[in-house]
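J.: how does the following fold in three dimensions:
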Amino acid sequence: AQVLDDLGTLLGDEVAQEGNFIIETGLDPRMQQQAEKILLNSVNTTGASIGFSQGAITTLNYRTGEIMAMVGGKDYNENQFNRASQAERQTGSTFKIFAYTTALEKGISPGTAYSCGALVWQGQQYGGGCGGGSMDFYSGVARSSNPVALRVAKAVGLNSVIQTARRMGLTSKLEAVPGLVLGQSSSSLLEMTAAFGVLGNGGVKMPVRTIRRVWDSNTCKDRQNFKTCRLVFDAADEAGTPVLQASTANTMTTLLRGVVTNGTGGSAAIGRDEVGKTGTTNNGVDLWFIGYVPSREIVTGVWLGNDNNQPTSGSSAQAAQLWGKYMAQALK
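T.: So this is what the prediction gives:
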């Protein structure tokens, strides 16, 4: 379904519906199969015990923008709604990357320390939870400290954070309120995963796509060889857009590595120098982990939850664990 949608976007819906096209996609069938199997297993076992009944996984090659695997729910036959690309969910702490990225772009050093004590902003009280101490970006990101992320965002301004999120590919509604930093706005898993891919790709944003090439089968000189047909579209012709300084993207990768090595994303560790970020929304309604493996240029996002926003008794650790299980197999 996603390929047909993308074909319509590329060629126009009317032309796409005429058919007679030979389409080459970036899909990796083995990865796709593993993602489907692992998600279903996770929902049936972990989900049954902690209260999530749905999930989604998406994997991109961030160097090309190609979707390598996409699972929009536990069972496509039962429900065709694609939770990876169509559902917009609150992003929780995965959104904090935009605050830290903005600060680095504005020249704030990652060694700068901010208080992790409670704060009041726009009339709202935000709890501390670390005594009267302070944390630099390394600890703030690794431990996912809310007060530190809020103070970083306050230093650069909420509108700047929104501009960064937009440059990195978010199209959903973003309001300039403190809760934005903690992920109270909603985005799709696909959009968020692609935004993390920008960090992996040295600050260059690629168009996200399922389609690599399209040929017109009506024009083939030899019906047995599709390469003799007229090439209608070739993704290799499309360049990426630099949206961040490479140094910013590389520093963010270092910060996100700490999340897995000594922070909230320890359950995602697979020994491949992976990096990523956890996210849990209020009452465990949305459980996220988005991470990438720089040596393989692959980024994967995982979301777990319920279609009716029913709370779970889980945390982002379950999403991180699923990510690790899937990526360990997918990268074999």
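J.: what number of residues lie near residue 113?
T.: If you count neighbours by other CB atoms under 10 Å, residue 113 ends up with 15. In short, each C-beta sits where N, CA and C put it, glycine included.
J.: that one and residue 135 touch, don't they?
T.: Yes: applying CB atoms under 8 Å, one finds residue 113 in contact with residue 135, separated by 6.3 Å.
J.: and the pLDDT for residue 244?
T.: Looking at residue 244, its pLDDT is 98.
J.: quick one: contacts for the nearest residue in space to it that is not next to it in sequence?
T.: Counting by CB to CB, 6 or more residues apart in numbering, residue 244 lies nearest to residue 203, which is 3.3 Å off, once chain neighbours are set aside. With contact set as CB atoms under 8 Å, 6 or more residues apart in numbering, residue 203 has these partners: 242, 243, 244, 245, 246, 248, 249.
J.: how near is residue 296 to residue 147?
T.: 35 Å (CB to CB, to the nearest Å).
J.: scratch that, residue 47 is what I was asking about
T.: 32 Å.
J.: before we move on, back to that, give the ChimeraX command for selecting the buried subset of the contacts of residue 203.
T.: Remark: buried members of these, expressed as a ChimeraX selection using 16 or more other CB atoms under 10 Å:
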select :243,244,248,249
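J.: secondary structure for the contacts of residue 203 - can I get that in TSV?
T.: What follows is the contacts of residue 203, written out as TSV (DSSP: H, G, I helix; E, B strand; the rest coil):
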residue	secondary structure
242	strand
243	coil
244	coil
245	coil
246	helix
248	helix
249	helix
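J.: more neighbours, residue 296 and residue 147?
T.: Comparing residue 296 with residue 147 by other CB under 10 Å, the one with more neighbours is residue 147, at 22 against 17.
J.: nearest residue to the more buried one in space, please, no chain neighbours.
T.: Leaving aside its sequence neighbours, residue 147 sits nearest to residue 116 (CB to CB, 6+ apart; 4.9 Å).
J.: packing partners of the helix or strand hosting residue 68?
T.: Per DSSP states H and E, residue 68 falls inside strand 66-71. For strand 66-71, the elements it packs on are helix 29-42, strand 54-61, judged by 3 or more CB pairs under 8 Å, 6 or more residues apart in numbering; DSSP states H and E.
J.: ranges for the helices of the stretch 151-300 of the chain?
T.: 158-167, 189-200, 246-262 (DSSP state H, counting those that start in this stretch).
J.: select, out of those helices, the one closest to residue 104.
T.: helix 246-262 (4.5 Å; CB to CB).
J.: show me what contacts the most centrally placed residue in the chain?
T.: What sits nearest the mean C-alpha location of the chain, by CA atoms, centre = their mean, is residue 193, with 1.7 Å. Counting by CB under 8 Å, 6+ apart, residue 193 makes contact with 58, 59, 60, 290, 299, 300, 301.
J.: please name the nearest non-neighbouring residue to it.
T.: Residue 193 sits nearest to residue 301 (CB to CB, 6+ apart), 3.3 Å away.
J.: kindly report the same for residue 218.
T.: Per CB to CB, 6+ apart, closest to residue 218 is residue 20, 5.3 Å.
J.: please apply the same query to residue 4.
T.: residue 16 (6.9 Å).
J.: check contacts around the one you found.
T.: 4, 7, 8, 10.
J.: helix or strand for it, which one?
T.: helix 13-18.
J.: confidence score at residue 18?
T.: So, for residue 18, pLDDT stands at 84.
J.: what about the strands in the stretch 201-332 of the chain?
T.: Listed in chain order, the strands of the stretch 201-332 of the chain (DSSP state E, counting those that start in this stretch) span 204-205, 211-216, 230-234, 241-242, 275-280, 286-293, 298-305.
J.: which one of those strands lies nearest to residue 189?
T.: Among the strands of the stretch 201-332 of the chain, strand 298-305 sits nearest to residue 189 (CB to CB), with 4.8 Å.
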